[in-house]
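Q: just coords:
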């Protein structure tokens, strides 16, 4: 019933959540607001929800941790009167600012506003466009926490999160309690290179997924202007243009209901940046086909894990991923640390999890095991320490290397990019070059000192003709050559 008028609520949903077990039972109310369900004996939480009303647990509580448990014994016939409160239309406030270039000239730009829950899950719920003077204003809801992104019409400028942040994880979270002005952007001009990266983000049904995409140039951990951000269109397509040449790793952070992942050519999911495959961008040419298939969230529960991420000097680490891995080695849910290093992983179902963390430019082999249920262990905690590292390449294995090894490229044949992996058992001077059938060098992929490790580089043949080529690894006294085929 409506708690103010006692009027019957039609088509309200009532869920019976077993404290022990997995099978949830749902029923709906009839035209008189009545409901009934036949259940096995056990202990249950009762959850009620209806369009236009605040959902709640029995007895009149919004939080599962304070819900009244109902014991149902064999032969019982229990009756409950549930009242729901109508939702209050949220108060609207104005969020406003300007978008200019570094010289103060106004820029035409799309403004994307993302609502954020638990500092992590996000969805775009407002957007606007600047006027001729570079001003914008959008309506936002009181009580929301938002992230704001400026995407210029002119692709010669670099998109940016407020406040001069290059990615969603580190972006400032803005709490809305009144009209908020001064959310200004000053966008930098892109370098003049006729190059880029393009691809699509899809789910496992090949449907496009809305996502934020980030390209991070290796060796530029302290230079945010050599990181790039993009937003997919309604079909999941994205692109970057006018990029500094170099090796990049890419990250897709979809809206809620999907898990983020770094790019890998084999399509496997990872939130560890060292497991990402690098994409080489030359001074000209578009590297296409850098596609993501993102995994859907698992069934959502009410348990959570929280804690703090710090570096080895005790300073909080903002923007670190923290993820819960289930017994099937799948990521069930994730969180992102805030400016104080605090994180929350919400929406976990009862079970055992391994909690891990990672952030680009840091390393950590730590994990923490937790066990959750609905019978008192709703929450758990795990804190981690990350160590800064110098980023020189992507080491994909994270294990001890015993031999020099050059692996067959994948895919092969390829068009226009392929991945070449190699192993170095001791610190060595490494050369990895590509030659045509006449023995002329057409590309140098690696030329310098490398520590022990497993490495992955991307070769882009967009400027070459179709045909057979050879790639050769020289490291210490080791020399090995393999064949690759470019087929356009």
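A: On my side now, so go ahead. Since we're looking at a predicted model, the values are computed, not measured.

Q: Using the record, which stretches count as separate domains in the chain?
A: Domain assignment of the chain by automatic domain parsing yields the ranges 1-88, 92-187, 194-293, 303-388, 405-486.

Q: Distance from the chain centre to the second one, please.
A: Just to be clear, that refers to domain 92-187. Averaging C-alpha positions (Cα atoms, centre = their mean, to the nearest Å) puts domain 92-187 19 Å from its chain's average.

Q: Identify the bridge partners of residue 25.
A: Assessed by DSSP bridges, residue 25 has beta-bridge partners residue 16.

Q: For the domains of the chain, give me JSON lines that also has mean neighbour count and mean pLDDT.
A: Every residue, glycine included, has its C-beta placed from N, CA and C. Output for these, formatted as JSON lines (neighbours: other Cβ atoms under 10 Å; pLDDT from 0 to 100):
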{"stretch": "domain 1-88", "mean neighbour count": "14", "mean pLDDT": "91"}
{"stretch": "domain 92-187", "mean neighbour count": "17", "mean pLDDT": "94"}
{"stretch": "domain 194-293", "mean neighbour count": "19", "mean pLDDT": "88"}
{"stretch": "domain 303-388", "mean neighbour count": "18", "mean pLDDT": "90"}
{"stretch": "domain 405-486", "mean neighbour count": "16", "mean pLDDT": "88"}
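
Q: Residue 157 and residue 101 touch, don't they?
A: Yes - the criterion here is Cβ atoms under 8 Å, and residue 157 meets it with residue 101 at 6.7 Å.

Q: joint contacts of these two?
A: Applying Cβ atoms under 8 Å, 6 or more residues apart in numbering, one finds that residue 157 and residue 101 are jointly contacted by 107, 187-189.

Q: Can you tell me the closest non-neighbouring residue to residue 377?
A: Ranked by Cβ to Cβ, 6 or more residues apart in numbering and with sequence neighbours excluded, the top spatial neighbour of residue 377 is residue 371, at 6.6 Å.

Q: Confirm for me that the one you found is in contact with residue 380.
A: Yes - between residue 371 and residue 380 there is a contact under Cβ under 8 Å: 7.4 Å.

Q: to the chain's geometric centre, what's the distance from stretch 435-450?
A: Distance of stretch 435-450 from its chain centroid, counting by Cα atoms, centre = their mean, is 35 Å.

Q: again with stretch 236-250
A: 17 Å.

Q: Need the distance between the two termini of it.
A: Distance between the two ends of stretch 236-250: 15 Å, counting by Cα to Cα, to the nearest Å.

Q: Can you give me every residue that contacts residue 14?
A: By Cβ under 8 Å, 6+ apart, the contact set of residue 14 is 26-29, 35, 37, 46-48, 82.

Q: Over to residue 274: give its phi and psi.
A: Main-chain dihedrals, residue 274, degrees, to the nearest 10: phi -70, psi -10.

Q: Great, nothing more from me.
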